[in-house]
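Colleague: prediction below, plus the sequence it came from.
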Amino acid sequence: MSEGYSVEHRDRRGDWTERELATLADLAETFVRGDAVRRAGLAAEAFLRAADREQVAQIRMVLRLIERPLVNLALGGGARAFRDMSPAVRERYLLGWAASRVGLRRSAFGAFRKLLTFLAYADPGLDGPNPLLVRLGYQTDPRPVATAPTGIIPTRLPFEVGSGDDPIELEADVVVVGSGAGGGVAAAALAAAGRSVVVLEAGPFVDEGTMPGNELDAFAQLYLNYGLLATWDGAITMLSGSGVGGGTLVNWMTSIAAPDEVRTEWTRDHGLDGIDGGPFDADIAAIERELGVAPTTIPPAPGVLTTRPPPR
């Protein structure tokens with residue numbers, strides 16, 4: 001697994017060395033068996049796109065250190081380079097990182113585990129379908145996501161932001177920054193009240209006809225920082241939609257009512273008047289009518305995006 005790094009990624013891997021990429025492939029194979037060489041290339045690209053230079057430098061330093069026998073001996077992995085360990089020893093070695101008292105080891109384990117595991121299942125591969133998804137029995141739904149395309153036609157700026165071209169001026173009563181659930185609702189309410197509204201969105205407009213058909217492309221097109229937005233140490237990953245619709249573009253529409261005891265707590269402890277009574281009930285009823293909320297007989301698995309009832 002340490003040989004033959006794919007040529008297709010060499011122009012996009014930055015200044016990663018062959019040895020670093022080979023070690024990254026060995027790590028990928030340890031987390032999930034499969035086309036680890038391809039995953040290493042995708043991971044290197046992802047790190048360069050979504051992480052800052054100091055984070056990338058730290059990740060590359062870890063890759064170099066684990067190939068030094070004396071370093072691994074000090075870290076409890078035996079006096080062997082990572083490439084010379086058996087698969088079982090590699091697994092035990094990496095599991096030791098997860099519970100390590102050394103912050104660098106814990107954060108490196110988290111970064112590698114999350115990204116390399118994600119790529120293993122999200123990458124459709126060059127020839128498709130992904131063999132891991134085939135083994136799981138997962139099948140994509142080829143039907144269109146909607147019977148009719150959206151009527152939204154966004155106004156695109158005639159220049160790239162920061163390009164130095166002359167600015168354009170748009171006049172409106174209200175400017176809403178972000179087109180997600182909060183921004184979209186606020187803009188709709190203001191427009192209904194007769195105000196002129198401009199909604200600014202940094203991400204792309206993706207309609208039904210151009211919606212990505214696989215997870216890897218979806219994260220690249222629809223998520224902030226390609227879905228890799230995280231705290232600096234990599235301990236916490238934050239998924240945020242980046243496109244027209246924001247979170248409503250990427251989140252599934254499971255609608256769970258707030259329990260009565262929670263509503264009571266919001267009123268009692270946080271001073272939110274009306275949350276535990278009729279006004280909030282009326283608001284929820286209006287939202288459910290707007291969204292077409294209805295019971296489902298077969299709930300989808302957590303994290304699975306569904307746009308229609310499962311086939312009978």
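Modeller: Ah, there it is.
Colleague: tell me what the helix ranked longest in the chain is packed against?
Modeller: Using DSSP state H to assign secondary structure, the helix with the most residues in the chain is helix 103-122. With contacts defined as 3 or more C-beta pairs under 8 Å, 6 or more residues apart in numbering; DSSP states H and E, the secondary structure elements packing on helix 103-122 are helix 18-31, helix 36-50, helix 53-65, helix 87-98, helix 131-136, helix 215-222. All C-beta spots, glycine's among them, are computed from the backbone N, C-alpha and C.
Colleague: got the CA positions of that helix in CSV?
Modeller: The C-alpha trace of helix 103-122 is given here as CSV (Å, rounded to 0.1, in the frame of the first residue of the first chain):
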residue,chain,number,x,y,z
GLY,A,103,-2.8,16.5,22.8
LEU,A,104,-1.0,16.3,19.4
ARG,A,105,-1.6,12.5,19.3
ARG,A,106,-5.3,12.9,20.1
SER,A,107,-5.9,15.6,17.6
ALA,A,108,-4.0,13.8,14.9
PHE,A,109,-6.0,10.6,15.5
GLY,A,110,-9.2,12.6,15.3
ALA,A,111,-8.3,14.4,12.1
PHE,A,112,-7.1,11.2,10.4
ARG,A,113,-10.0,9.0,11.6
LYS,A,114,-12.7,11.5,10.5
LEU,A,115,-11.3,12.4,7.1
LEU,A,116,-10.0,9.0,6.0
THR,A,117,-13.1,7.1,7.2
PHE,A,118,-15.4,9.7,5.5
LEU,A,119,-13.5,9.4,2.2
ALA,A,120,-13.7,5.6,2.3
TYR,A,121,-17.5,5.7,2.2
ALA,A,122,-18.1,9.0,0.4
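Colleague: centre of the chain versus that helix, how much separation?
Modeller: Distance, stretch centre to chain centre, for helix 103-122: 13 Å (C-alpha atoms, centre = their mean, to the nearest Å).
Colleague: center of the protein, which residue is that?
Modeller: When C-alpha atoms, centre = their mean is applied to the chain, the residue found nearest the centroid is Gly227 (2.7 Å).
Colleague: in a helix, that's where Val199 is, yeah?
Modeller: No. When DSSP: H, G, I helix; E, B strand; the rest coil is applied, Val199 is found to be strand, with no helix at that position.
Colleague: that one reaches Ala187, doesn't it?
Modeller: Yes. Counting by C-beta atoms under 8 Å, Val199 touches Ala187, with 5.0 Å between them.
Colleague: overlap in contacts, those two.
Modeller: Contact with both Val199 and Ala187 is made by residues Val176, Ser179, according to C-beta atoms under 8 Å, 6 or more residues apart in numbering.
Colleague: how close does Thr296 sit to Ile284?
Modeller: Plainly put, Thr296 is 18 Å away from Ile284 if you go by C-beta to C-beta, to the nearest Å.
Colleague: correct me, but Leu216 touches Pro124?
Modeller: Yes. With the criterion set as C-beta under 8 Å, Leu216 and Pro124 qualify as a contacting pair; they are 6.4 Å apart.
Colleague: any low-confidence regions in the stretch 201-312 of the chain?
Modeller: 233-235, 297-312 (pLDDT under 70).
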